[in-house]
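Peer 1: Next comes the sequence, and after it the predicted model I'd like to discuss.
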Amino acid sequence: MSETVPLAGVIGWPVGHSRSPALHRHWLSRYSIRGHYVPLAVAPEDLADVLAALPRMGFRGANVTLPHKETALALATEASDRARAIGAANTLVFLPDGGFLADNTDGVGFLSNLRQAQPRWTAATGPALVLGAGGAARAVLAALLDDGAPEIRLANRTQARAQALADAFGPKIRIVPWKAAGETMRGAATIVNTTSLGMAGQAPLDLGFDAADPDALVTDIVYQPLVTPFLARAAEAGLATVDGLGMLLHQAVPGFEAWFGRRPEVDDALRRAVLEADVA
Ligand code: ATR
């Protein structure tokens with residue numbers, strides 16, 4: 001029998017903007033693993049066929065990104081509890097007897113990023129304030145609850161979307177008005193932006209930190225730029241901040257380990273490789 005070279009990739013439409021190839025290739029090279037990780041541009045109507053065909057070509061699994069995250073979960077043979085809670089998949093592992101396992105590692109990526117930067121941090125320290133109620137917010141809410149957050153204040157421009165998340169995630173979620181988000185920082189131990197505000201080319205998230213506790217931890221899931229206006233203002237107010245790039249790096253760890261057989265490390269060399277990646 002011929003030797004098989006493990007393959008994995010990221011499935012998106014479009015996919016040229018994805019930093020996952022740079023990330024996984026850095027690890028493949030660093031650990032001298034004879035494997036490949038490739039971008040796979042797949043139209044929505046082709047996803048099911050592609051997922052059935054990939055394992056026959058030697059793929060061990062794949063990441064899925066927009067617009068496939070929900071469909072991949074629906075097509076899965078098995079799904080992790082966290083993928084079900086989030087309602088979307090980002091990491092797929094093909095099963096030996098056919099089909100695939102759908103997992104979502106965004107939430108653990110979020111937690112691992114905060115813990116690597118602030119080892120004493122846990123969501124159980126106190127209430128959290130989460131800004132935004134999109135797909136990223138779902139992963140952050142699931143992770144914060146899983147890590148013991150006693151209360152999560154949720155603010156979103158469109159209140160109906162916040163309400164949908166409160167209905168899905170239960171009584172620890174307390175909806176607060178978007179316009180009062182600054183005030184609701186009072187007493188919050190963790191403050192998280194999950195909106196796209198502050199991303200390069202977008203309006204900044206215009207919030208002051210006057211009401212925030214001096215020992216609150218502030219983080220942003222936006223990582224382009226690394227220091228968003230939101231994080232810059234938090235730092236000016238003397239608060240501890242953690243940028244969002246680490247969430248991207250840490251969410252990739254379980255997939256790499258499942259496909260290539262080695263638990264990889266998240267360090268500065270990886271950060272640099274991903275920041276320098278030539279993406280669309
Ligand atoms: P993702 O899956 O990345 O979270 P999304 O589902 O499109 O993306 O959600 C984007 C989030 O950014 C939402 O919370 C959105 O608020 P709405 O639900 O009101 O749309 C928020 N957002 C985007 N642009 C915004 C703006 N100009 N002002 C306030 N919130 C904004």
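Peer 2: Received it, and whenever you're ready, just let me know what you need.
Peer 1: how about the strands of the stretch 51-200 of the chain, start to end?
Peer 2: 59-64, 78-79, 91-94, 100-103, 128-131, 152-155, 173-175, 190-193 (DSSP state E, counting those that start in this stretch).
Peer 1: can I get the ones you listed in CSV with mean neighbour count, distance to the ligand and mean pLDDT?
Peer 2: Quick note: C-beta positions are derived from backbone N, CA and C, even for glycine. Rendered in CSV, the data for these read as follows (neighbours: other C-beta atoms under 10 Å; distance: least, C-beta to the nearest ligand atom, whole Å; pLDDT from 0 to 100):
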stretch, mean neighbour count, distance to the ligand, mean pLDDT
strand 59-64, 26, 13, 98
strand 78-79, 15, 19, 98
strand 91-94, 24, 16, 98
strand 100-103, 22, 17, 98
strand 128-131, 26, 8, 98
strand 152-155, 25, 9, 98
strand 173-175, 18, 13, 98
strand 190-193, 27, 9, 98
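Peer 1: okay, those strands in JSON lines with distance to Val42 next?
Peer 2: Putting the strands of the stretch 51-200 of the chain into JSON lines (distance: least, C-beta to C-beta, whole Å) gives the following:
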{"stretch": "strand 59-64", "distance to Val42": "9"}
{"stretch": "strand 78-79", "distance to Val42": "20"}
{"stretch": "strand 91-94", "distance to Val42": "12"}
{"stretch": "strand 100-103", "distance to Val42": "14"}
{"stretch": "strand 128-131", "distance to Val42": "31"}
{"stretch": "strand 152-155", "distance to Val42": "33"}
{"stretch": "strand 173-175", "distance to Val42": "34"}
{"stretch": "strand 190-193", "distance to Val42": "30"}
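Peer 1: For Ala277, which of these is the nearest?
Peer 2: Comparing the strands of the stretch 51-200 of the chain against Ala277 with C-beta to C-beta, the closest turns out to be strand 59-64 (14.8 Å).
Peer 1: Could you list the paired strands of the closest one along with their orientation?
Peer 2: In the sheet containing strand 59-64, its partner strands are strand 7-12 (parallel), strand 91-94 (antiparallel), by DSSP bridges.
Peer 1: can you pull the contacts of the closest residue to the ligand within the stretch 51-200 of the chain?
Peer 2: The nearest approach of the stretch 51-200 of the chain to the ligand comes at Gly134, 2.2 Å away (C-beta to the nearest ligand atom). Contacts of Gly134 were listed using C-beta atoms under 8 Å, 6 or more residues apart in numbering, and they are 161, 194-196.
Peer 1: Before we move on, what's the pLDDT of the nearest residue to Gly170 once chain neighbours are set aside?
Peer 2: Counting by C-beta to C-beta, 6 or more residues apart in numbering, Leu145 is the residue found nearest to Gly170 once chain neighbours are left out, at 7.8 Å. According to the predicted model, the pLDDT of Leu145 comes to 98.
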